[in-house]
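Q: just to be clear, the model below is a prediction. Sequence and coordinates:
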Amino acid sequence: MMRPLRCQLCGETYLGREADRCPYCGAAGKQLVPAAEWVDYGRLELDPNDMEKCRTALGFEVSNWTFYQCCAQKAESIFTQAIFKRLAKHEMEHAELLARIMGAEIPDFKEESCPDTDREKFEEAHLREHRAIKYYLHAAGESRHPRVKEVFRTLSEIEVEHLQISNIYK
């Protein structure tokens, strides 16, 4: 029997029996909880330090979203196009989460270019994901707000999955 599950990270609702990942943001299945148990953290009261960490992370996520959009549009196959399209959607969910935490709007973004070959696209994706993981782990260690720590740890876990994807296909 299908039931509504909500992702504790991004807040999206999934209708199904169970899932090993949130289909929207990529969080591990442990983040999917019965909809009635979901907690809406909304905007958080952040100190300036945590606010700056979230602002920097939001910049990463928006930049990666535009990069993956470019990669999907210029993909060499429908297979890699599908991968880049899904990665772009994950990054946008992460951006929306960070904006919600800060009580901010998603910033205007500039279009980004991407390499011509899929191999080069995955190589750049690898560098971007590695940068994000390193930053998120550092930010989780220094953040003062428990929810911000949790968000950064979970984002780093998702970005590790993205890094593994880039390693497989580069």
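A: It's in.

Q: ok, the closest residue to Ser63 other than its chain neighbours - contacts?
A: Residue nearest to Ser63 in three dimensions, not counting chain neighbours: Glu112, with 6.6 Å by Cβ to Cβ, 6 or more residues apart in numbering. (C-beta placed from N, C-alpha, C; glycine too.) Residues in contact with Glu112 (Cβ atoms under 8 Å, 6 or more residues apart in numbering) are 63, 66-67, 70.

Q: out of those residues, which is most surrounded?
A: Greatest neighbour count in those, by other Cβ atoms under 10 Å, goes to Phe67: 22 neighbours.

Q: you'd agree it is up against His126?
A: No: taking Cβ atoms under 8 Å as the definition, Phe67 is not a contact partner of His126, at 12.0 Å.

Q: so how far is His90 from Lys30?
A: 17 Å (Cβ to Cβ, to the nearest Å).

Q: the more surrounded of the two?
A: His90 (26 against 10).

Q: wait, the more buried one sits on Cys22?
A: No: using Cβ under 8 Å as the test, His90 is too far from Cys22 to be in contact (9.1 Å).

Q: wait, what's in contact with the residue nearest to Lys53 when sequence neighbours are not counted?
A: Excluding its sequence neighbours, the residue lying closest to Lys53 (Cβ to Cβ, 6+ apart) is Ala139, at 4.4 Å. Counting by Cβ under 8 Å, 6+ apart, Ala139 touches 53, 56-57, 148, 152.

Q: what do you get if the cut-off is 7 Å, keeping everything else the same?
A: 53, 57, 152 (Cβ atoms under 7 Å, 6 or more residues apart in numbering).

Q: show me the residues you listed that map onto strands.
A: Nothing among those maps onto strands, per DSSP state E.

Q: reformat these as a markdown table; add pLDDT, neighbour count and distance to Glu18.
A: Listed next are these as a markdown table, based on pLDDT from 0 to 100; neighbours: other Cβ atoms under 10 Å; distance: Cβ to Cβ, whole Å:
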| residue | pLDDT | neighbour count | distance to Glu18 |
| --- | --- | --- | --- |
| Lys53 | 98 | 25 | 33 |
| Ala57 | 98 | 24 | 29 |
| Phe152 | 98 | 24 | 26 |
